[in-house]
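1. take this sequence and fold it.
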Amino acid sequence: MRILAVDDDPIILDLLKGSLNKDNSGDLICCETAEAALEVLQAQTTPIDCFLLDIMLPGIDGIELCEQIRAMKSYRTTPIIMITASREADLMGRAFHAGATDFVSKPLDGIELGARINSAGMLNDSLHRERHAQHTLAELTEKTKIRFDQAVSLDTGGVTDLLALENELLRMPAGVYAMNLVAIDVMGLRGVLRAAGSPAFRRNLEQVAEAAKEALDGRVWKMGYAGSGRFLAVVMGRARLNHADLQEHMNEALTSGWNMETNGTPMPPEIQVTPMTDKRLWTGLSASDMLREHLQNKDMMQELAADRENELFEPLENAA
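-> Down below sits the predicted model:
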């Protein structure tokens, strides 16, 4: 097991080295600052299996470091054990919210630390098996036919499906909020699904979701995929959005990062960004109702467009 320990107290690091080497727990890498730890992670070719992070660090503290580690795709589920001399419930709550798996208290007890490391090792082994199973399931799922109107789950952090988006809105505390309700429509995806298949269709959607996230960076937003090539987004704040700029930014991001071999199509689809309404003050319930009303209106238009598209594809399919 490869362990990265981050603590600015040399006594603690010496104790960790002695305890972990004695227990033969595996390779131990020690850093005194979060900044040094991040540099180590950038340089690593073999992944870390467990992190030991002191909460109170100079510069970037342990909780922020935990958040940055969790943001890395390779370490979204890797065990992170926090080291702390504090018993404050709020501090530990922040640590767990940032993604911590467990914690140990100072002064460190070698036996307890060894037990926590062993538990982390078993957890890591379990997570590896689960990821392998998920990978196998993902391969099977990609081969399964997807309906165009299906609100498929995407492997894109922060982007949910429509039901999850509605649930988020309905769980908001009572009150009126400034929100911009935005529709993001992806043009030509029905043809991608019919011509290139489900895997390419899903990858196109995931690339669009990443482009949308990039364009909305710096804003507070919620987004869900509703099916039929349509994303619905709620952007918090009183400022009126420039939908044309957002659309241009998304299309540029999609085009610049497009890879034909990975995405299965020679060129990216086109994105259209439009406001659902000019109204900008909503309760969670009224915003959720508006999403549904917008979808019902779009579905009627979608049916007409689908009929016309079928007329175009039928001669090609018959010829094949």
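2. now do the helices in this protein.
-> Along the chain, counting by DSSP state H, helices occupy 10-22, 34-43, 62-70, 89-98, 110-143, 162-170, 189-196, 198-215, 243-256, 260-263, 284-319.
3. render the CA-only coordinates of the first one in CSV, please.
-> So that's helix 10-22. Output of helix 10-22 as CSV, limited to C-alpha atoms (Å, rounded to 0.1, in the frame of the first residue of the first chain):
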residue,chain,number,x,y,z
PRO,A,10,8.4,16.5,12.1
ILE,A,11,7.7,14.5,15.3
ILE,A,12,4.4,13.3,13.9
LEU,A,13,6.1,12.3,10.6
ASP,A,14,8.8,10.4,12.5
LEU,A,15,6.1,8.6,14.5
LEU,A,16,4.3,7.7,11.3
LYS,A,17,7.5,6.4,9.7
GLY,A,18,8.3,4.3,12.7
SER,A,19,4.8,3.0,13.2
LEU,A,20,4.0,2.2,9.6
ASN,A,21,7.4,0.7,8.8
LYS,A,22,7.1,-1.4,11.9
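4. which residues outside it are in contact with it?
-> 3, 5, 7, 26, 28, 30, 32, 52, 54, 83, 106, 108, 110, 113-114, 117 (CB atoms under 8 Å, 6 or more residues apart in numbering). No exception for glycine: its C-beta is placed from N, CA and C like everyone else's.
5. which among those end up buried?
-> When the contacts of helix 10-22 are checked for burial by 16 or more other CB atoms under 10 Å, the buried set is 3, 5, 7, 28, 30, 32, 52, 54, 83, 106, 108, 113-114, 117.
6. show me these that map onto strands.
-> Ile3, Ala5, Leu28, Cys30, Leu52, Asp54, Ile83 (DSSP state E).
7. farthest-apart pair in those residues, please.
-> Checked with CB to CB, those reach their widest spread between Leu28 and Asp54, with 14.6 Å between them.
8. Ala178: neighbouring residues, count only.
-> Using other CB atoms under 10 Å, Ala178 has 12 other residues around it.
9. okay, and the beta partners of it?
-> Leu281 (DSSP bridges).
10. does Ala37 really touch Cys31, like I thought?
-> Yes - using CB atoms under 8 Å, Ala37 makes contact with Cys31 at a distance of 4.3 Å.
11. what do the two both touch?
-> With CB under 8 Å, 6+ apart, Ala37 and Cys31 have common neighbours Leu4, Val6.
12. pick out the shakiest of the helices of the chain, pLDDT-wise.
-> Mean pLDDT is lowest for helix 110-143 out of the helices of the chain, coming in at a mean of 62.
13. picking up where we left off before, distance to Met223 added to the helices of the chain, as JSON lines?
-> Formatted as JSON lines, the helices of the chain follow (distance: least, CB to CB, whole Å):
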{"stretch": "helix 10-22", "distance to Met223": "42"}
{"stretch": "helix 34-43", "distance to Met223": "28"}
{"stretch": "helix 62-70", "distance to Met223": "20"}
{"stretch": "helix 89-98", "distance to Met223": "21"}
{"stretch": "helix 110-143", "distance to Met223": "21"}
{"stretch": "helix 162-170", "distance to Met223": "7"}
{"stretch": "helix 189-196", "distance to Met223": "17"}
{"stretch": "helix 198-215", "distance to Met223": "7"}
{"stretch": "helix 243-256", "distance to Met223": "12"}
{"stretch": "helix 260-263", "distance to Met223": "20"}
{"stretch": "helix 284-319", "distance to Met223": "11"}
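14. go through the ones you listed and name the closest to Pro275.
-> helix 243-256 (5.9 Å).
15. who does that closest one touch, helix- and strand-wise?
-> strand 177-187, helix 198-215, strand 270-275 (3 or more CB pairs under 8 Å, 6 or more residues apart in numbering; DSSP states H and E).
16. and it, which residues are buried?
-> Under 16+ other CB under 10 Å, the buried positions of helix 243-256 are His243, Leu246, Gln247, His249, Met250, Asn251, Ala253, Leu254.
17. who's in contact with it?
-> 182, 184, 207-208, 210-212, 214-216, 268-275.
18. and these, which are buried?
-> 182, 184, 207-208, 210-212, 215-216, 268-271, 273.
19. show me which pair in those is furthest apart.
-> Val182 and Pro268 (19.6 Å).
20. how about Phe103, what does it touch?
-> Residues counted as contacts of Phe103 (CB under 8 Å, 6+ apart) are Ile81, Met82, Ile83, Thr84, Met92, Ala95.
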